[in-house]
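> make a model of this:
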Amino acid sequence: MYRWVAAVGLLAAAEDQRGSDTAETNAMGLLGAHAACEAMLGLIVGLLPYEKGHPPNERYFPRLLALAAGVAKPKLRDTLRGDLMAMHTVRNGFVHGGAAVDGAELDRAIEATYLLAEHVPLPGQKNIVGVPTVVADIIDIEIVGMWLRHADQQRAKGNLRLSADGIARALDEAIEHTEPYVRTRTGQSFVTIAREIGGAGQYRGLNRAANETTMAIDQLTKLVVPMALGTSPSTLAYIRGVVGTAGREDIGGHPARVWRPSDEALSISDLRRASSLVSRIILRLWAMDGLTDGRGDSEVVRLAHTFLLQPYGWAAWLPVTTDERDHVPADPELPPSPSV
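Numbering: from 1, shown residues only. This is a model prediction of the structure:
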């Protein structure tokens, strides 16, 4: 499990370097991805017998990859093995020869790492489907973990929208279960509160000084909350742009609908990246003893069970049935302001 924790952190560290596209950031990102792959290959292979003439605890990457290919289930595809060896070649070119690392090479290395993660077993499981499932098993907080697992399962089925919804719900549940609490008291922006208590007209009539002060607090919150989560405002904004934010709770106990800034088709690359970043945020909060169970968690988990087995209705962006119609939130065309 410690090796899995290291692999998750290294993969997320590689993601942090993605996009800058400089020789230095590309190289550091590729080194992180390579180290994550070495940890994962070791998990696939397991304990290695001593071989005469070879150090017992040291294996060259090609040898480790070959051993993993012989035992991995499902079988490693030739294209994946080729990408992993290409990453190793680029890594050696940088470490031993000072060669520059291209942004496309970093992208290929990270995508190969994600694919390799789908072959790594966990205790008691034949195989997993991604990094979020690993984090779910590590933290053992079911109200968060159930959405991480759900996201992996839906991604494996090709349901990218439902997978993104699961990641958004996992992040929001983690934030709701932080100790100490990282959100503002209400978890809402000043504009949202004003709209709810009196409408736009009353909002315009509020005391100007109070308005300016509260809005300043809101802006500061947008900077402070990401830091409390161990990430940057731009990274959190990227995550929210990909997976969205869970809306208001459904009074029937169904999962809240997730709102995204854009309803355009999701890319698997963005979804994997957002999933990895959210997984690291949750793992870091857990490692710092910053996550705690809630008193009503068991009931929420119970109510979500049916949805997890078969996503349906409003929360899954599907036509609402007659039985669910009473639970549809008002003003569905107006998404709530994100609280982080």
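
> give me the nearest residue to Phe61, chain neighbours excluded.
Spatial nearest neighbour of Phe61, excluding adjacent residues (CB to CB, 6 or more residues apart in numbering): His88 at 4.7 Å. Bear in mind the C-beta positions are built from the backbone N, C-alpha and C, glycine included.

> so what's the residue count around the closest residue to Asp102 other than its chain neighbours?
Spatially, and ignoring its direct neighbours in sequence, Asp102 is nearest to Asn26 (6.5 Å; CB to CB, 6+ apart). The tally of other residues near Asn26 (other CB atoms under 10 Å) stands at 24.

> and Asn26, which helix or strand is it part of?
Taking DSSP states H and E as the criterion, Asn26 maps to helix 23-45.

> please export the C-alpha coordinates of that helix as PDB.
Output in PDB follows, covering the C-alpha atoms of helix 23-45 (Å, rounded to 0.1, in the frame of the first residue of the first chain):
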ATOM      1  CA  ALA A  23      12.500  21.500 -21.100                       C
ATOM      2  CA  GLU A  24      12.800  21.600 -17.300                       C
ATOM      3  CA  THR A  25       9.200  20.900 -16.400                       C
ATOM      4  CA  ASN A  26       8.800  18.300 -19.100                       C
ATOM      5  CA  ALA A  27      11.900  16.500 -17.700                       C
ATOM      6  CA  MET A  28      10.700  16.600 -14.100                       C
ATOM      7  CA  GLY A  29       7.300  15.400 -15.100                       C
ATOM      8  CA  LEU A  30       8.700  12.500 -17.100                       C
ATOM      9  CA  LEU A  31      10.900  11.500 -14.200                       C
ATOM     10  CA  GLY A  32       7.800  11.400 -11.900                       C
ATOM     11  CA  ALA A  33       5.900   9.300 -14.400                       C
ATOM     12  CA  HIS A  34       8.800   6.900 -14.800                       C
ATOM     13  CA  ALA A  35       9.200   6.500 -11.000                       C
ATOM     14  CA  ALA A  36       5.400   5.900 -10.700                       C
ATOM     15  CA  CYS A  37       5.600   3.200 -13.400                       C
ATOM     16  CA  GLU A  38       8.500   1.500 -11.600                       C
ATOM     17  CA  ALA A  39       6.500   1.300  -8.400                       C
ATOM     18  CA  MET A  40       3.500  -0.100 -10.300                       C
ATOM     19  CA  LEU A  41       5.500  -2.700 -12.200                       C
ATOM     20  CA  GLY A  42       6.900  -3.800  -8.900                       C
ATOM     21  CA  LEU A  43       3.400  -4.200  -7.500                       C
ATOM     22  CA  ILE A  44       2.400  -6.300 -10.600                       C
ATOM     23  CA  VAL A  45       5.500  -8.500 -10.400                       C
END
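
> can you spell out which helices and strands pack onto the following helix or strand past it?
Proceeding N to C from helix 23-45, the next assigned helix or strand is helix 61-71, under DSSP H and E. Using 3 or more CB pairs under 8 Å, 6 or more residues apart in numbering; DSSP states H and E as the contact test, the elements touching helix 61-71 are helix 23-45, helix 78-97.

> and the next element down the chain from the last one?
Right, helix 78-97. Following helix 78-97 in sequence, per DSSP H and E, is helix 103-117.

> so that next one versus helix 23-45, what angle?
20 degrees (axes from the mean of the first three to the mean of the last three CA atoms, to 10 degrees).

> just checking, what packs against helix 103-117?
Short answer (3+ CB pairs under 8 Å, 6+ apart): helix 103-117 packs on helix 2-16, helix 23-45, helix 78-97, helix 131-139, helix 268-287.

> quick check: buried residues in it?
Burial within helix 103-117, assessed by neighbour count using 16 or more other CB atoms under 10 Å, is assigned to 103, 105-117.
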